[in-house]
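sequence unknown, structure follows:
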């Protein structure tokens with residue numbers, strides 16, 4: 001009997017070890033895939049232009065996964081070597097702290113959580129097991145450690161001065177990618193607005209109010225109630241604007257988006273998604289909201305997966321971008337990949353040349369491509385990271401005689 005119990009215990013230990021060693025990587029490989037479909041050929045003109053672009057991606061979820069960001073991988077969508085291959089100047093890394101069971105675009109309860117299993121499987125610190133705030137702080141720590149160990153390959157971007165410094169070192173020929181920390185849903189505040197200061201001190205400079213479920217700040221486009229802003233949500237936006245934390249409307253309900261745009265004092269972003277005119281999915285922006293983002297001076301990051309553009313082809317991405325350009329102007333178009341966000345895409349971050357090629361094929365000018373691929377995002381991020389008190393007043397030009 002004793003030998004039998006020892007044998008059972010050994011099997012349990014082996015099974016547990018196998019789970020912790022292999023399960024996180026298996027989940028990553030299965031959830032963050034490239035579909036392998038054919039891509040159009042890339043022209044010499046696209047290659048030449050792409051190498052001179054300043055490229056900014058407004059959203060990835062790479063911090064969620066147990067993958068060393070500094071090493072090249074043959075799975076998932078992003079790591080530092082592939083960011084270099086794609087010529088990415090600035091990457092926004094989001095903190096995902098909770099996702100609902102049976103996640104879908106239409107109706108999700110706030111009960112249940114898929115991320116907790118990842119937290120256990122990745123052997124994250126006990127402080128992250130039950131605290132959404134601690135999960136974000138852990139993601140901030142992961143990003144800080146990657147920057148510190150990258151030999152100047154990654155650079156923290158947490159201020160307008162950092163944006164300028166990043167542009168300078170890249171202009172001098174240094175292969176450095178800026179890293180800006182964001183949040184996908186402020187349920188990580190755990191009901192306490194003072195935790196915005198905690199997250200800001202940890203480096204967070206952009207945040208969406210909701211993710212796939214309603215929370216104490218606002219309704220989600222994918223929640224049960226899909227309501228607007230709560231009093232707590234309105235106060236959160238005011239504090240974010242004051243401190244220099246960019247407001248992201250991605251995943252907010254239509255009422256929530258309308259109310260944010262009505263009260264915004266600073267440019268807002270839609271970090272990742274699409275437009276309903278080219279892909280009629282509920283999470284994508286309608287024309288009224290596209291105009292509203294433009295009125296704030298903000299930008300719309302177009303994603304690369306089927307839920308954003310109803311395809312995974314570069315041509316579909318360019319089509320969505322063209323709609324925004326034609327509706328409100330090229331200065332409001334940006335990239336919002338959602339790489340490593342459990343999405344299926346046509347290419348990983350090393351393949352961003354295919355977006356450049358698609359824009360050329362769609363008839364975008366060189367100046368327009370420079371704006372879309374990163375110029376617009378640099379402008380909005382550089383402005384948005386300044387605390388409101390530091391933003392210079394608009395220059396009043398004298399009327400012509």
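Here it is on my side, so go on. None of these values were measured; they are calculated from a predicted model.

how many other residues sit next to residue 219?
Neighbours of residue 219 under the rule other Cβ atoms under 10 Å: 25. All C-beta atoms are positioned from the backbone trio N, CA, C, and that covers glycine.

so who does it touch?
The contact partners of residue 219, taken as Cβ atoms under 8 Å, 6 or more residues apart in numbering, are 210, 225, 226, 227, 228, 252, 253, 255, 256.

and what of residue 256?
Going by Cβ under 8 Å, 6+ apart, residue 256 touches 209, 210, 218, 219, 220, 221, 227, 228, 229, 233, 249.

thinking again about what came up before, now for the contacts of residue 219: which two are most distant?
Of all pairs drawn from the contacts of residue 219, the greatest distance, 12.7 Å, lies between 225 and 252 (Cβ to Cβ).

looking at these two, which has the bigger crowd around it?
Neighbours were tallied for residue 225 and for residue 252 using other Cβ under 10 Å; the higher tally belongs to residue 252 (31 against 12).

which residue comes closest to the more buried one once chain neighbours are left out?
Closest residue in space to residue 252, ignoring its immediate chain neighbours: residue 210 at 5.5 Å, by Cβ to Cβ, 6 or more residues apart in numbering.

how near is that neighbour to residue 345?
Noted for residue 210: a distance of 23 Å to residue 345, by Cβ to Cβ, to the nearest Å.

and of the contacts of residue 219, the nearest to residue 326?
Distance from residue 326 was checked for each of the contacts of residue 219 by Cβ to Cβ. The minimum falls on residue 252, at 24.3 Å.

what are the phi and psi angles of that closest one?
For residue 252, the backbone dihedrals (degrees, to the nearest 10) come out as phi -70, psi 150.

mind listing what it touches?
Residue 252 makes contact with 208, 209, 210, 218, 219, 220, 221, 260, according to Cβ under 8 Å, 6+ apart.

with pLDDT as extra columns, can I get the residues you listed in a markdown table?
Written out in a markdown table, the entries for the contacts of residue 252 read as follows (pLDDT from 0 to 100):
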| residue | pLDDT |
| --- | --- |
| 208 | 98 |
| 209 | 98 |
| 210 | 98 |
| 218 | 98 |
| 219 | 98 |
| 220 | 97 |
| 221 | 96 |
| 260 | 98 |
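
among these, who's most crowded?
The most crowded member of those, judged by other Cβ under 10 Å, is residue 209 (33 neighbours).

how many residues are close by residue 124?
When neighbours are counted by other Cβ under 10 Å, residue 124 registers 17.
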